[in-house]
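In: Could you look at this predicted model? Sequence included:
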Amino acid sequence: MGKDVAAVAGRAFARAFAAVKTLRPDRPIHPAGLHLRGRLEREGGPFRSGIAWLDTAGDDEVEARLSRSIGFPPGWPDIIGLAVRLTADGAPVDILLASTGMSRAGRYVLRMRRSVDPAAMTTMMPYRGTDGPVQLAARTLRPHGRLPADPRGFRDALGGREWVLGLYHGRPDAPWQRFATLTLLPSAEAADTPMRFDPMQHPLPGAGTYSWTQALREPSYAVARRPVKEETQRPVDQE
């Protein structure tokens, strides 16, 4: 995708996002979620991504939020989202994943799901590594059995067990490679979290971005950051 085309699409997405925000001022999308805590254990395997942080063994404490994008009633299919925050070099790092396919074409297509356990979740937009574009993906390893995607149903079905996911990196023209294990449990403090996740402001350590991905994503994130009363005071095109 060219930068000019991405910029036009980005402005269109931002206008739609602003319209939804007038109805849901707090969280236009992913309105209800489940707050989770856990660990991300990087294995530093033999298959290199071209992003040093992904390719280096390490152990990070994380906070996460499981949610559904549109916010349909429980039991309805929806786009599943998983946001993960960790700290690297004293700065926050946010990774946002959404339910897609895992094939070379399917990883760019959002998919609606009723349950978490069979779902693949990817970053969709690529990071820029030293050897080219890199995407991330996650899939449930355990527990086995149905885990509803709605936050309350997921927590009840988990029943105090750990939610363990495999994390993978991959280039658009190459297979996925496992690089980490993510282990999560529902937070004891609160069912949801007011935390806002923003991969544009809190990027992956050592990863670059492509100008077209910034043009596509940044306008919507800018709308999300600003107070809702400003939506009627200035047009999106001023971003």
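Out: Perfect, thanks for sending it.
In: is the residue nearest the centre of the chain in a bridge, and if so with what?
Out: Nearest residue to the geometric centre of the chain (CA atoms, centre = their mean): Leu96, 1.6 Å. Assessed by DSSP bridges, Leu96 has beta-bridge partners Ala83.
In: Kindly report the same for Pro92.
Out: Thr87.
In: ok now do it, which residues does it touch?
Out: 85-86, 202 (CB atoms under 8 Å, 6 or more residues apart in numbering). Every residue, glycine included, has its C-beta placed from N, CA and C.
In: What distance do you get for it to Asp150?
Out: From Pro92 across to Asp150, the span is 27 Å (CB to CB, to the nearest Å).
In: now do Val164
Out: Val164 is 20 Å from Asp150, by CB to CB.
In: Show me the helices in this structure, by range?
Out: 3-23, 52-55, 151-158, 211-225 (DSSP state H).
In: What's the mean pLDDT across the second one?
Out: Going back to what we said before, that points to helix 52-55. The pLDDT scores in helix 52-55 average 94.
In: Could you name the helices and strands sitting against that helix?
Out: strand 177-186 (3 or more CB pairs under 8 Å, 6 or more residues apart in numbering; DSSP states H and E).
In: partners of the strand it packs on in the sheet?
Out: Assessed with DSSP bridges, strand 177-186 is paired to strand 33-42 (antiparallel), strand 163-170 (antiparallel).
In: List of residues touching the longest one?
Out: Think strand 33-42. 53-54, 56-67, 81, 84, 86, 151-152, 154-155, 162-163, 167, 179-187, 189-193, 195.
In: One more: the shortest one?
Out: When contacts are taken as CB under 8 Å, 6+ apart, the neighbours of strand 163-170 outside the stretch itself are 36, 38, 40, 49, 51, 54, 107, 134-143, 147, 176-185.
In: if you set the cut-off to 7 Å instead, what comes out?
Out: 49, 54, 134-142, 176-184 (CB atoms under 7 Å, 6 or more residues apart in numbering).
In: Flag the shaky bits of the chain, pLDDT-wise.
Out: Residues of the chain meeting the criterion pLDDT under 70: 1-26, 28, 211-239.
In: rewinding a little: pull out the buried residues from the contacts of strand 33-42.
Out: 53-54, 60, 62-67, 81, 84, 86, 151, 154-155, 163, 167, 179-187, 192-193 (16 or more other CB atoms under 10 Å).
In: hang on, Val116 packs against Ile79?
Out: No - in this structure Val116 lies outside contact range of Ile79 using CB atoms under 7 Å: 11.9 Å.
In: For Arg107, which residues are in contact?
Out: Arg107 is in contact with 100-101, 122, 124, 135, counting by CB under 7 Å, 6+ apart.
In: what's the closest non-adjacent residue to it?
Out: Thr122 (4.9 Å; CB to CB, 6 or more residues apart in numbering).
In: same thing with Pro143?
Out: Arg161 (5.1 Å).
In: backbone phi and psi for the one you found, please?
Out: phi -80, psi 160 (degrees, to the nearest 10).
In: ok, now how distant is it from Pro186?
Out: Arg161 sits 10 Å away from Pro186, going by CB to CB.
In: now Leu110
Out: For Leu110, the distance to Pro186 - CB to CB - is 25 Å.
In: and what of Arg146?
Out: Taken as CB to CB, the span from Arg146 to Pro186 is 17 Å.
In: Gly44 now?
Out: From Gly44 to Pro186 the distance is 29 Å (CB to CB).
In: tell me the contacts of Leu86?
Out: The contact partners of Leu86, by CB under 7 Å, 6+ apart, come to 40, 60-62, 93.
In: how much space is there between the closest residue to it other than its chain neighbours and Leu182?
Out: Counting by CB to CB, 6+ apart, Leu86 lies nearest to Asp60, which is 4.2 Å off, once chain neighbours are set aside. According to CB to CB, Asp60 and Leu182 sit 10 Å apart.
In: Having no further points to raise, I will conclude here.
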